[in-house]
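A.B. asks: Quick one, what's the 3D model for this:
(2 chains, ligands or ions: 2)
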Amino acid sequence: MKDVVVIGGGPSGLAAASSIAEKGYKVVILERDDELGGLLQQCIHDGFGTILFDESLSGPEFADRFIEKVMRSDVPIELETYVKSVDKKDDHFELLTVTPEGVHKIKSRSIVYAIGCREKNRFEIKIGGTRPAGVYTAGTVQRLVNLYGVLPGKNPVIVGGGDVGLIVARHLYLEGVDSLFMVYPEDFFSGLPRNAQQCILDFDIPYRNRTTVKRILGDKKVEGVELVEVDEEWEMIPGTEEIYECDSLILSVGLIPYSEKIEDLGAEIDEETKGPVVNEYYGTTVDGVFSVGNLVQIFDYVDDAVKTAYIVAEGVDKFLKGIDVKRKKPIKLVPGDKIDTVTPQRIFYEEGEEVTVFFRPGVEKENAVVCLVNLGNVIKTYRKRYLRPSTLEEIKVPKDLFNGKKEVTIRVR
Amino acid sequence: MRIPQKVKKITDESKYNISFVVEEDIVFLKGKVETYEDWVDIGLKIGGIKGVNGVVNDIVWDERKDKASEDRKKRSKRSKKENLGEYDIVIIGGGIIGCSIARELSKYELDVALAEKEPDVSLGQTRANNGMVHPGIAPSKDTLKRRLNVRGNAMYGELSQELDVPFKRVGSLILITPRTMEKYRKYLPGPLYRFFLKHVLPWFVKRRGEMNGLEGIEILKGEEVFQEESGIVDDVISAVKIPSTGIVDPYEWTIAMYENAKKNDVDFYLNTEVLAFDKERGLIKRVFTDRGVLKCGHVINAAGLYSDVIAEMAGTKEFTIHPRKGVELLFNKRLEDRVHHCLAELKIPSHPTSKGGGINPTVHGNIIWGPTAEEVESKSETSVDKEEIHEIMQKYSTILPQFPESEFIRYFAGVRAASFTEDFIIRPAKKVKNLLHVAAIQSPGLASAPAIAEYSVELLKDMGVDLRRDESFDGERKSMDRVSEMSEDELKRRIEEDPSWGNIVCTCEMVSEAEIVEAIERDAESFDAIKRRTRAGMGECQESYCLLRIAEVISRELDMPLNQVKKEWKESQFFDGIVRGEEP
Ligand SMILES: Cc1cc2nc3c(=O)[nH]c(=O)nc-3n(C[C@H](O)[C@H](O)[C@H](O)COP(=O)(O)OP(=O)(O)OC[C@H]3O[C@@H](n4cnc5c(N)ncnc54)[C@H](O)[C@@H]3O)c2cc1C
Ligand SMILES: Cc1cc2nc3c(=O)[nH]c(=O)nc-3n(C[C@H](O)[C@H](O)[C@H](O)COP(=O)(O)OP(=O)(O)OC[C@H]3O[C@@H](n4cnc5c(N)ncnc54)[C@H](O)[C@@H]3O)c2cc1C
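C.D. replies: Ligands and ions are numbered 1, 2, ... in the order given. Model (predicted):
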């Protein structure tokens, strides 16, 4: 019997595994791919680790720090492992895994899901038109270029001006596509300003803001796209359609948590984050099942995703020790005015000093005041110099603030 | 009135100058109209005349150029001279109809060939439909559709055993709600309307089914409806339950027919387009294709949307196909428990062309909503726009208000091969005695397919084909093994023999590398052909995870560079170009 199975060998899974192992528990990591590191293995550009290590590392370099740590510990790592099913028994879980070595049953007292997220595809953002060859997500393109040395096409269009889109654009530009065009629906690139500068502006890669792809053209292979202008609400403006010839379309239109499996186990899912509802120690609504990293919500910085892994180690420890100082009813933390998402969504335990709360603003605002509100009363405020939807914010909330409350709302004033 | 008078009445009423000829109950139309809609409209009106056996609509509409003759010239240039072989029967078209006929004919001592222009079978209408094996309640009494649908449905059970393809008789519910006869509400004042919908209309529907030859139809009222299907809209008044309705995966079924026919010595020529015929004394002697020449005794026209083109090519123009597009929305498997039957809301009067459609379960657990019905000019118009997605969401969410309609994972469209008479056209060609049309097979073509194959063979017999049973015929076919369906012990055993059974390349659908390799061994050469055989790439992430992993297996197994791996056709290679500085 294991104490903890960590599913997913990306940065947050690795960090969770080693921190839990340090506390003396029997841990195993299961990873579906044939290497550890998750998404980071595809991101060979710099920019990772600025918060955690105060250095700018490439994706694989960043991942390596965590991989090495796990390697040095005695945590077994099972690669190419597909978790076929998870059964909840009275006091443990039974996992059935499939690998090229065989079929195995693993028993464990708890599970940490760290399976991350996946990229949104063309169907999820309802791009119209035909369904030919030549439409890829940014992650596929990164893998294609890095691992196989093959380009997706000679003149791609990229949709999405977030960090991923920007970085893929520069990558393709440097790797030798003939031409490249980027469109995105915001007023300005939603990625970090430095990424916009270094990836697009410095190379004079053509782009258009407030624009999206309405339809894909071409029966067998992408022959072009129909671009359309959009308004502030991202609604298409009729009459502004324009055909642009290209041979491939690359989508970098956001990520969503891989929450299917955990929902199947019975965990409650947050409509806004699309990830599981978690408490301050990243426990889900199913006892003994935890969730960290991008599965909880999409973090802008991998550094923040890793933070959740350190916190979960405490939660798993409490759970395994059977420390039961839980509140009878968890306190709800909910997004209010001008806030899109909040995690954790529940405050479970009474002890502890403070809770790290992440929230994503719904507006762009300078010198904003973020308020915690209970029954209409402001119970605490935080000042933020600059809020914008593309940047996830963090605040520390003293634990005793929650005493005697049922629900606390976070809103922007 | 006889047919010509009736046609004249319609053309006289039209605002256009339309001339016509009637020959052997086939109406030939000529003239000019302004819009495509008018072209369809007039064709449908003439096709609706009782006794008309076909409408050849040569009316031109403003924007249409005379592309047909242009194409014809180009076509004959592409034909190749080499001799491919001599056959008793050549089937044109590898959809569910062509493949079902091929398998049926393989039971006899005949040399049979099938020519399909696409690189795989089932790439026409057969690929994009609802997968519903209709019971046969909808078609009217005197149609071929009715007879073949009811019979075809009954044949599915046994065939699915032989072919090892899942088929489920889930039953259907025809729902009667306050919206069912909204138009006539004014004639049924007060409580009369509800009374009629609860106690009279279901009985009519049941009666119609029984007259069409269906058995076991039940009428459900109030609570009984929710017991069958709990998510249905609260205000449903009654429902008619038809137990024989089934569901099947249409391409899996067609691929099974193909594999079994092939095993019984039918020669399949894929990537082979029929371009012209060589006739002697009114009989087709040779079929010209872009790959070579097939000598033939008899020819079967099962070319779906292009069956009118084939008829014309053979010099026996008897009908025109007007393509009708249908869009489908496919939902996440996780919603499987929300729908157990094929569901449709009865609407009277039914929309003239968009009749049918509804919410169906599929054999793999995805729920499917659709289709729409839109007359389109091009036979290959399968694009889907946002408005169409919203149209479906709106139309069907009235039946299942709680269903999370935004959780679809994909949308697609198919084009129906509709004739103006709106019935199947299955008969020897009027002017070519050794050509059998099995044409204009629109819905319920899938449901009728086994019976259509059987009936086609009867007709061939009447046309003089000598049918002797082939004693060596083996109708059994084994489906591919699927890791997702294996027991733990079975899977253990497999992995011991070959570790690639334990390498899961598509995690949404749980498909192993071994299955990809087997699909390739079963003739799949492209990503989509593998997808149809294994379901890899069909899940929630829509290929994002498995695309490159599978492309890598294809590249290895077929010994081709990664950037030559194709999605479906030779023109649809995925990737293009090599990273700067690397060797090509
Ligand atoms: C490949 C990769 C590289 C990364 N690089 C770094 C890094 O350098 N440093 C780091 O700390 N972290 C990095 N991360 C983590 C990453 O920054 C966050 O996960 C991230 O901010 C989310 O990606 P994004 O910016 O593209 O998506 P989002 O911020 O969600 O942006 C998506 C963009 O898609 C567009 N879009 C969305 N919907 C539509 C629509 N309907 N039509 C048209 N366009 C639409 C918009 O432009 C929007 O801005 C990386 C992650 C990956 C997978
Ligand atoms: C949206 C939609 C939903 C539907 N839903 C249902 C349903 O739920 N139940 C049901 O029973 N039916 C349904 N149908 C109807 C059903 O799909 C068709 O009736 C059936 O697939 C017809 O099969 P087919 O073999 O005649 O045609 P096809 O599948 O179109 O096959 C014809 C084949 O001929 C080939 N061909 C054409 N020209 C040439 C040439 N010159 N040389 C060589 N090959 C050629 C084509 O490439 C094609 O593969 C639906 C149809 C649509 C479009």
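A.B. asks: Residue ranges in chain B under the pLDDT threshold?
C.D. replies: Scanning chain B for pLDDT under 70 picks out the ranges B:63-70, B:352-356, B:581-584.
A.B. asks: Break it down into its domains, please.
C.D. replies: Domain ranges of chain B: B:3-64, B:321-344+B:354-416, B:483-564, per automatic domain parsing.
A.B. asks: Residue A:252 is nearest to which of those domains?
C.D. replies: Across those, residue A:252 has its closest neighbour in domain B:483-564 (11.8 Å, CB to CB). (Glycine included, C-beta is placed from N, CA and C.)
A.B. asks: Quick check: the residue of the stretch 1-150 of chain A nearest ligand 1.
C.D. replies: residue A:47 (3.1 Å; CB to the nearest ligand atom).
A.B. asks: tally of neighbours for the nearest residue to residue A:175 once chain neighbours are set aside?
C.D. replies: Excluding its sequence neighbours, the residue lying closest to residue A:175 (CB to CB, 6 or more residues apart in numbering or on different chains) is residue B:579, at 4.7 Å. Using other CB atoms under 10 Å in any protein chain shown, residue B:579 has 18 neighbouring residues.
A.B. asks: May I have the residues that are in contact with the residue most central in space within chain B?
C.D. replies: Centroid check for chain B by CA atoms, centre = their mean gives residue B:126 as the closest residue, at 3.3 Å. For residue B:126, the contacting residues are B:95-96, B:250-251, B:254, B:304, B:446, by CB atoms under 8 Å, 6 or more residues apart in numbering or on different chains.
A.B. asks: Surely it forms part of a strand?
C.D. replies: No - counting by DSSP: H, G, I helix; E, B strand; the rest coil, residue B:126 is not found in a strand; it is helix.
A.B. asks: Give me the distance between it and residue B:248.
C.D. replies: Distance, residue B:126 to residue B:248, using CB to CB, to the nearest Å: 11 Å.
A.B. asks: Residue B:399 too?
C.D. replies: Separation of residue B:399 from residue B:248 (CB to CB) stands at 22 Å.
A.B. asks: With residue B:189 instead?
C.D. replies: From residue B:189 across to residue B:248, the span is 45 Å (CB to CB).
A.B. asks: higher neighbour count, the two?
C.D. replies: Ranked by neighbour count (other CB under 10 Å), residue B:189 and residue B:248 place residue B:248 first, with 24 against 8.
A.B. asks: what's the residue of the stretch 101-250 of chain A found nearest ligand 1 in contact with, if anything?
C.D. replies: Per CB to the nearest ligand atom, residue A:162 is where the stretch 101-250 of chain A lies closest to ligand 1, at 2.4 Å. Going by CB under 8 Å, 6+ apart, residue A:162 touches A:184, A:189-191, A:252, A:254, A:390.
A.B. asks: where's the dip in pLDDT among those residues?
C.D. replies: Checking pLDDT across the contacts of residue A:162, the minimum falls on residue A:390 at 80.
A.B. asks: Can you verify my assumption that residue A:359 contacts residue A:335?
C.D. replies: Yes - contact criterion CB atoms under 8 Å: residue A:359 and residue A:335 qualify, at 6.8 Å.
A.B. asks: Quick check: neighbours shared by these two?
C.D. replies: Contacts common to residue A:359 and residue A:335, judged by CB under 8 Å, 6+ apart, are A:341-342, A:410.
A.B. asks: So which of the residues you listed are in helices?
C.D. replies: In helices, judged by DSSP state H, none of the shared contacts of residue A:359 and residue A:335 are found.
A.B. asks: okay, how far is it across stretch B:508-526, tip to tip?
C.D. replies: Using CA to CA, to the nearest Å, one end of stretch B:508-526 lies 20 Å from the other.
A.B. asks: One more: stretch B:359-373?
C.D. replies: Terminal residues of stretch B:359-373 are spaced 15 Å apart (CA to CA).
A.B. asks: Direction included, what does the lowest-mean-pLDDT helix or strand in chain A pair against?
C.D. replies: Of all helical and strand segments in chain A, the minimum by mean pLDDT, DSSP states H and E falls on strand A:46-48, at a mean of 81. Paired strands of strand A:46-48, with direction, are strand A:57-58 (antiparallel) (DSSP bridges).
A.B. asks: Could you double-check that residue A:112 lies in contact with residue A:18?
C.D. replies: No - contact between residue A:112 and residue A:18 fails when scored by CB under 8 Å: they sit 11.9 Å apart.
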